[in-house]
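# Sequence first, predicted coordinates after that:
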Amino acid sequence: MGIVLQQLLNGITIGSFYALIALGYTMVYGVLKLINFAHGELFMSGSYLGLTIISILIGAGLGGEALLWALAGVFIVVMAIVAGLGVGIERVAYRPLRRAGRLPAVVSALGVSIALQNAVMLIYGPRYRVYPKGVIPAIYWQVGGIQISLLQVFVLILSLILMATLYYFIHYTRLGTAVRATALDHDVARLMGIDVDAIVRIIFIIGPALGAAGGIMVGLYYGRINFTLGWGYGLKAFTAAILGGIGNIPGAMVGGMLLGLFETLAAGFIPQGGAWKEAIVFLILILILVVRPTGLLGERVAEKV
Amino acid sequence: MALLEVKNLTKSFGGLVAVNDVSFHLNEGEILGMIGPNGAGKTTVFNLITGIFPPDKGEIRFNGRSLIGLRPHQITELGIARTFQTIRLFPNLTVMENVMAGLHCRTKAGLWASIFQTKAQREEEKFIREKAIECIHFMGLGGLEFELAKNLPFGLQKRLEIARALATNPRILMLDEPAAGLNEQETSELMDLISQLRDRGITIFLIEHDMKVVMGISERIIVLDNGYKIAEGTPEEIQSNPRVIEAYLGKEE
Amino acid sequence: MSAILSQLKSLDRRIVYGALLAAVLLFPLVVRNDYWISTLVFFGIWAILGLSLNIIVGYAGLFQLGHAAFWAVGAYTTAILNIYLKVPILVCLPISALVAAFFAIIISRPILHLRGDYLCIVTIGFGEIVRLFLYNDPFKITGGVNGLRGIARPSIFGLEINTPTAYYYYVLFFVIITILIMQRLENSRLGRAWNYVREDEMAAEAMGIDTVKVKLLAFAIGAAWAGVAGNIYASRYTVIAPETFSFWNSVVMFCIVVLGGSGSIPGVFVGTLGMILLPEVLKSVLSPILEWRLLIFGIAMVVMMIFRPEGLWPHSRYRLELRREETSS
């Protein structure tokens, strides 16, 4: 029993990462009907930027408690930079193609993904980079037979805060309602006086920012990162978004959690599970799209008549 | 027995009942018009007959044979062709290529015949070209064979769509608002063309808003409003039917 | 006057193509450099891959970003049959093509109804699943991460093909056959059906075209040809490993088709030139910035889509010109 609970805890921790990244995919898709292939790379960039800034701070002599407080700043700065990167990418690579049809948009998104991944590789090198240890102190608690680390608590609480904030924003603010309106119909939203371009910019701020936060957390949690991170996480997060129903924000959160749980439990209890992790995720994705394209809560994905 | 029999046709989308217990028939060789205010369910009826989606309830029989459950291309093969309300041509292909599409279901050269260019395949290609040119000329598009469909003026695009449907050698031709967007001259040419099509033995089923066209060429008319069939009869009968007038103009105060 | 001009133009084209053909045929005899001859063999194999994907992406307009999987199925089928069962390479060829086609039909049937970007993701998925399968080797026949080695060379009537020059003409033969078959398909009922499905699937279905069958055929034929390329590749290099059949290579194939000119045969060659030959040619010149290759490709993809989405040598214009010449002469 203890093992299962432990795996559950690990599962929802990983699920939080997937959920944060999945939100980026789902929001962009909801508004633009575009799969932002580059999103995984934005998440990965956040990871690397976090590494850089934390290393700088440590190099400048910051440590212990001061570093912990500074961490808040790190998150804010990295999220802002990656958000800027996201907006820039939208402006340069997606906006000119908004009316150009599916193929150019997909190719462009792929191009951005490849370019970004390799830019990071060129800057930081192809080898794994290690996150500084102990930024978040290695404190553990024993609660009812399972071990919880401060790191996990941190990840879970921060993810919860971010997701709750997003949910509040989307459902209880005017701007959030404008976003939902734009997702339903660009032209009608425009007629209602909504500046669609501005909404798109907002989406590309929020999505990448969340992804970046996830990236830093992944770096802190696993300790090492690589420029190929975006590919693996991106795919899984995208599967999570589809699982929950693409375009559906609560769906992305639920999907992320479920996927994290499934992956952890599968790896834990199926022999050789680890090697086939990615294949299984892909299979889940394909199965969902074929059998229940609406996902658990979302929209249709087959050709509209 | 009527060529096309529709009984108790019903279709809902979510909570909205688009077509509600509609029944009518189409006799061979006639021109049947379908009118009704916007949103009455007319195009949905077309879509149901051509198999785009299945009805919730009801029967659709073509020559006695049920069409329900068949895919659109099978229905076209059986002999029912249609045009679309918003033109759906193949924009980046030429007029010739567009019309040749209609001949796909009337020919059968497959992968191997095409690779080896067998005698049968070459003859079939000749047949396809000849028939396509025939349809093109019939619809008055001669000389434009190699123009890209997207470059044609609107009126000619509408004709091209009909030419393409014609190439499938249909027994029933279903036209969805063929006169929409046409000027007076084009409209009267269209009416002539439709009559000629009927004279060639093609049964015509037509959705139209332009009353001159509908009243002018239809032998019978059915009227839809809010998913219901509210009237059926000759143009004269329909024009003086109070329910029809009410549907279009609202109740008399 | 215009009749004379168009005669001249078509004459010009024939001269150009004739000269090109002569150059291609004489190349190994004139340039006796094994490195360059082998490079062109590599180019030829990739051109066949590009042409095979051109059917799926260019003609039928289906997003396929996992095409390397079909290439892999062909290569591994050949390798396994040849190494374990000693089946001669040339006999493996049609078998590999059929196995690849069959595989394509099975995996594409359930996903054919998906819209563009989703089909894209799913094909990426299938590509990766195949690669992972080869890598993890659950049935112990694919050689895992190291792949398979010791694949034989093809032999025709006892004559083995094992020099660069012999391979050059061997691959050239296949390239020419592929071009001829593609041209015939393009101008056939099936080729037109692919165009219709690409332009507007629902309208095509409404006009009596069985769009499911047409799309399946695109996948099957494209896969079969990739399988042929796989057979040639396996026997040429005698060693195959999962890393060759990567997502990146699927992307390269995709770019060859889309950036070269979706749906056009010359376009595929231009694309292959740019994605495969150019980096080879410039390798010595560009070695310091070789690492930048991928970054440049990524940026090039974005730029191309913004400024020339139809590709470098697009199709419809070419065909339209040809038609105009046909009717005016």
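Looks like it came in fine.
# what about the helices in the stretch 51-200 of chain A?
Using DSSP state H, counting those that start in this stretch, the helices of the stretch 51-200 of chain A run over A:64-89, A:102-124, A:150-172, A:174-184, A:186-191, A:196-222.
# closest to chain C out of those?
Of all those, it is helix A:102-124 that lies closest to chain C, at 2.8 Å by C-beta to the nearest C-beta. For the C-beta atoms, the positions are set from N, CA and C on the backbone; glycine is no exception.
# Any buried residues in stretch C:93-104, and which?
Buried positions in stretch C:93-104, judged by neighbour count with 16 or more other C-beta atoms under 10 Å in any protein chain shown: C:93, C:95-101, C:103-104.
# Backbone dihedrals for B:Val6, both of them.
B:Val6 adopts backbone torsions of phi -120, psi 130, taken as degrees, to the nearest 10.
# Test my guess that it contacts B:Val19.
No: because the distance of 9.8 Å does not satisfy C-beta atoms under 8 Å, B:Val6 is recorded as not touching B:Val19.
# Looking at these two, which one has more neighbours?
Regarding B:Val6 and B:Val19, a neighbour count based on other C-beta atoms under 10 Å in any protein chain shown identifies B:Val19 as having more, with 27 against 24.
# From the contact counts, what lies against the host helix or strand of that one?
Per DSSP states H and E: B:Val19 is located in strand B:16-26. Here strand B:16-26 touches strand B:4-13, helix B:42-49, strand B:57-62, strand B:228-233, going by 3 or more C-beta pairs under 8 Å, 6 or more residues apart in numbering or on different chains; DSSP states H and E.
# Can you dump the C-alpha atoms of that strand in CSV for me?
Extracted in CSV, the C-alpha atoms of strand B:16-26 (Å, rounded to 0.1, in the frame of the first residue of the first chain):
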residue,chain,number,x,y,z
LEU,B,16,-31.6,22.0,-32.2
VAL,B,17,-33.9,20.0,-34.4
ALA,B,18,-32.8,21.0,-37.9
VAL,B,19,-35.2,18.8,-39.9
ASN,B,20,-38.4,17.6,-38.3
ASP,B,21,-40.4,14.7,-39.7
VAL,B,22,-40.1,15.9,-43.3
SER,B,23,-41.6,13.7,-46.0
PHE,B,24,-41.7,14.3,-49.8
HIS,B,25,-41.0,12.6,-53.0
LEU,B,26,-39.3,13.4,-56.3
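# partners of the helix or strand following that strand in the sheet?
Once strand B:16-26 ends, the next helix or strand along the chain (criterion: DSSP H and E) is strand B:31-35. Neighbouring strands of strand B:31-35 in its sheet, by DSSP bridges, are strand B:203-207 (parallel), strand B:220-225 (parallel).
# Any chance of TSV for the ones you listed, columns mean pLDDT?
Shown next, in TSV, are the strands paired with strand B:31-35 (pLDDT from 0 to 100):
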stretch	mean pLDDT
strand B:203-207	95
strand B:220-225	93
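# What separation is there between A:Ile288 and chain C?
Distance of A:Ile288 to chain C, given as C-beta to the nearest C-beta, to the nearest Å: 10 Å.
# That residue against A:Ile242, yeah?
Yes: checked against C-beta under 8 Å, the pair A:Ile288 and A:Ile242 is within contact range at 5.7 Å.
# mind putting the helices of the stretch 51-200 of chain A in JSON lines, distance to B:Ile68, mean neighbour count and mean pLDDT included?
Formatted as JSON lines, the helices of the stretch 51-200 of chain A follow (distance: least, C-beta to C-beta, whole Å; neighbours: other C-beta atoms under 10 Å in any protein chain shown; pLDDT from 0 to 100):
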{"stretch": "helix A:64-89", "distance to B:Ile68": "49", "mean neighbour count": "17", "mean pLDDT": "90"}
{"stretch": "helix A:102-124", "distance to B:Ile68": "32", "mean neighbour count": "22", "mean pLDDT": "89"}
{"stretch": "helix A:150-172", "distance to B:Ile68": "42", "mean neighbour count": "16", "mean pLDDT": "90"}
{"stretch": "helix A:174-184", "distance to B:Ile68": "33", "mean neighbour count": "17", "mean pLDDT": "86"}
{"stretch": "helix A:186-191", "distance to B:Ile68": "35", "mean neighbour count": "14", "mean pLDDT": "84"}
{"stretch": "helix A:196-222", "distance to B:Ile68": "42", "mean neighbour count": "24", "mean pLDDT": "92"}
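# how about these in CSV, adding distance to chain B?
CSV is the format used below for those (distance: least, C-beta to the nearest C-beta, whole Å):
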stretch, distance to chain B
helix A:64-89, 29
helix A:102-124, 13
helix A:150-172, 22
helix A:174-184, 15
helix A:186-191, 15
helix A:196-222, 23
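# nearest to C:Gly125, of those helices?
helix A:102-124 (14.9 Å; C-beta to C-beta).
# Tell me where the stretch 151-300 of chain C is predicted with low confidence.
The stretch 151-300 of chain C contains residues with pLDDT under 70 at C:283-290.
# wait, A:Val179 sits on A:Ile202?
Yes: A:Val179 lies in contact with A:Ile202 (C-beta under 8 Å); the separation is 6.6 Å.
# Among the helices of the stretch 51-200 of chain A, which comes closest to A:Gly50?
The nearest among these, by C-beta to C-beta, is helix A:196-222 at 3.6 Å.
# Centre of the chain to the closest one, how far?
Helix A:196-222 sits 7 Å away from the centroid of its parent chain (C-alpha atoms, centre = their mean, to the nearest Å).
# Now the element after it, going C-ward?
As assigned by DSSP H and E, the chain's next helix or strand after helix A:196-222 is strand A:224-225.
# After that next one, which helix or strand is next?
In the C-terminal direction, the helix or strand that comes right after strand A:224-225 (DSSP H and E) is helix A:229-244.
# Of all the residues in that following helix, which ones are buried?
Residues A:229-231, A:233-244 are the ones in helix A:229-244 that count as buried (16+ other C-beta under 10 Å).
# now, which of the residues you listed lie close to chain C?
For chain C, the contacts drawn from the buried residues of helix A:229-244 by C-beta under 8 Å from any C-beta of the partner chain are A:235, A:238.
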